[in-house]
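In: Fold the following and give me the result.
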Amino acid sequence: MNRATVLNQLRAHRAAMAQRFGVVDPALFGSFAHDQATDASDVDILVRFDGPPDWKRHFGVQTYLEHLLDRPVDMATRTELRAEIRPYVERDIVHV
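Out: Now for the predicted structure:
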């Protein structure tokens, strides 16, 4: 799996993620954003919700994405990013 494949999958399911979980503005970062992922890489995704990011929404969309992409997903919201890594993540973001 490469960057293009992940982005195509995310784009194809963007409307479903919005409808089911309230996800807006999903973005890819990390090794897949750089197209340097290995077979052991997880998929790093940054999301924003259209309402409060409760645990049901967060883990619901994470599980949905893990099944969709058939690999582990490390997902965060912008508010969850630690200050020390925020600049690196924001530099790498590829909006879906």
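In: Nearest the middle, which residue of this structure would you pick?
Out: Nearest to the centroid of the C-alpha atoms of the chain, with distances taken as Cα atoms, centre = their mean, sits Ile45, at 2.0 Å.
In: Helix, strand or coil: sort out that one for me.
Out: strand (DSSP: H, G, I helix; E, B strand; the rest coil).
In: Name all residues that make contact with it.
Out: By Cβ atoms under 8 Å, 6 or more residues apart in numbering, Ile45 lies in contact with Leu10, Pro26, Ala27, Leu28, Phe29, Leu65, Val73, Asp74, Met75, Ala76. Any C-beta I mention is one placed from the backbone N, CA and C, and that applies to glycine too.
In: wait, the second one sits on Ala15?
Out: In this case it means Pro26. No: between Pro26 and Ala15 there is no contact under Cβ atoms under 8 Å: 11.2 Å.
In: how far away is the residue nearest to the centre of the chain from His58?
Out: Ile45 sits 11 Å away from His58, going by Cβ to Cβ, to the nearest Å.
In: Need the residues touching each of the two.
Out: Joint contacts of Ile45 and His58 (Cβ under 8 Å, 6+ apart) are Met75.
In: Next secondary structure element downstream of the worst-scoring helix or strand of the chain on mean pLDDT?
Out: Least confident helix or strand of the chain, by mean pLDDT, DSSP states H and E, is helix 86-92 with a mean of 91. The helix or strand immediately downstream of helix 86-92 is strand 94-95, counting by DSSP states H and E.
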